[in-house]
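Asker: No letters, just coordinates:
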C-alpha cells in the first residue's frame, strides 16, 4: 500500500485547482453582470473539487480496482426518503454491489448562512443511504465505505468565536466559544463517531494556497489510508 507522501503533490494541485476554478467562476459571473448573493454560483458551479476526485481515482487504480467500476460523474444511486441521490464518487463491483460512495463539499465565506445547510446535507445524505441499505435497496452485500470531505476557507471570519443562538435551551458545552472552523471539526468527528460516515476529512485552506487539517483524526492522510485499507480488503470482489 502506497504511503501518503506519494499523493502529496496531487493534493497540492487539488488545492490550487480549487482556488483557480473558483476565481474563474466568480470572474465569469461578474462579466455577465449577474447578482450572486454569497457567491452561490461559485459554490454550486462544480469542478472546484475535481482535483480531489482525481486523487481518489488514482488511489483506487493503484489499489487495483478496475477503471470501469470507478465513477466520477452521473452517480445517482437509490435512496429511501427520495428516489435517488447523485454522489460525487462511486465504486461498484462486477456483481452490481455498491463498494464506495464519497461526497465532497466546500465553503468559502458566508459561514453563518451555510454551516447549517452543509450539516443538514451531510446528515441527510448519510441517513438516506443507510436507511436504503437497511431496507435491502443494495441487496446481498456488506455495508459500503462512505466518505465525506469538507474544504473550508481559513480566514478571520471562520476562525473567530461565534455566539451560539439558543434562547430556549442550553446547547452542548463543546459548542461554546467555537468558531465555524471549530464547529466543522466537531461535526466531522461526530459523523464518524455516530457511524454516519466511514471516514471524514476536514481541510482548511486560504487564498495563499496554504492548507491543513485541525487534527490528525480529520487529515486527508487518514482519510486516504482508510479508503486504501477498505479497497485492498475487498479486492476479492474483482
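Answerer: Yes, it's here. Note that the coordinates shown come from a computational prediction; the quantities given were computed from them, not determined experimentally.
Asker: Now do the strands in this protein.
Answerer: Assigned by DSSP state E, the chain shows strands spanning 70-71, 76-78, 84-86, 89-92, 98-107, 145-153, 199-205, 211-212.
Asker: okay if I get those strands as CSV plus mean pLDDT?
Answerer: Shown next, in CSV, are the strands of the chain (pLDDT from 0 to 100):
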stretch, mean pLDDT
strand 70-71, 98
strand 76-78, 96
strand 84-86, 95
strand 89-92, 97
strand 98-107, 96
strand 145-153, 97
strand 199-205, 97
strand 211-212, 96
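Asker: What spatial separation is found between residue 128 and residue 4?
Answerer: Note on residue 128: its distance to residue 4, by Cβ to Cβ, to the nearest Å, is 31 Å. (Glycine included, C-beta is placed from N, CA and C.)
Asker: Sorry, slip of the keys, the one I care about is residue 179.
Answerer: Counting by Cβ to Cβ, the gap from residue 179 to residue 4 is 27 Å.
Asker: partner residues bridging the most centrally placed residue in the chain?
Answerer: The centroid of the chain falls nearest to residue 149 when counting by Cα atoms, centre = their mean (2.4 Å). Residue 149 forms beta bridges with residue 104, residue 201, as assigned by DSSP bridges.
Asker: Give me the below-cutoff pLDDT ranges for this structure.
Answerer: Within the chain, the stretches with pLDDT under 70 are 1-3, 33-46.
Asker: 90 - rerun?
Answerer: 1-7, 21-47, 74, 109-116, 139-140, 162-167, 169-177 (pLDDT under 90).
Asker: What ranges does it have for its helices?
Answerer: Ranges of helices in the chain, per DSSP state H, are 8-31, 40-44, 50-62, 111-134, 156-159, 180-193, 220-233.
Asker: mind putting these in CSV, mean neighbour count and distance to residue 168 included?
Answerer: Formatted as CSV, the helices of the chain follow (neighbours: other Cβ atoms under 10 Å; distance: least, Cβ to Cβ, whole Å):
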stretch, mean neighbour count, distance to residue 168
helix 8-31, 15, 38
helix 40-44, 16, 31
helix 50-62, 18, 39
helix 111-134, 16, 17
helix 156-159, 14, 27
helix 180-193, 19, 20
helix 220-233, 18, 37
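Asker: Of these, which is nearest residue 199?
Answerer: helix 220-233 (4.1 Å; Cβ to Cβ).
Asker: quick one: contacts of that closest one?
Answerer: 1-2, 4, 7, 11, 55-56, 59-60, 63, 65, 91, 99-100, 145, 147, 149, 198-201, 203, 213, 216 (Cβ atoms under 8 Å, 6 or more residues apart in numbering).
Asker: wait, what's in contact with residue 111?
Answerer: Going by Cβ under 8 Å, 6+ apart, residue 111 touches 157-158, 162, 180.
Asker: Alright, that wraps it up for me.
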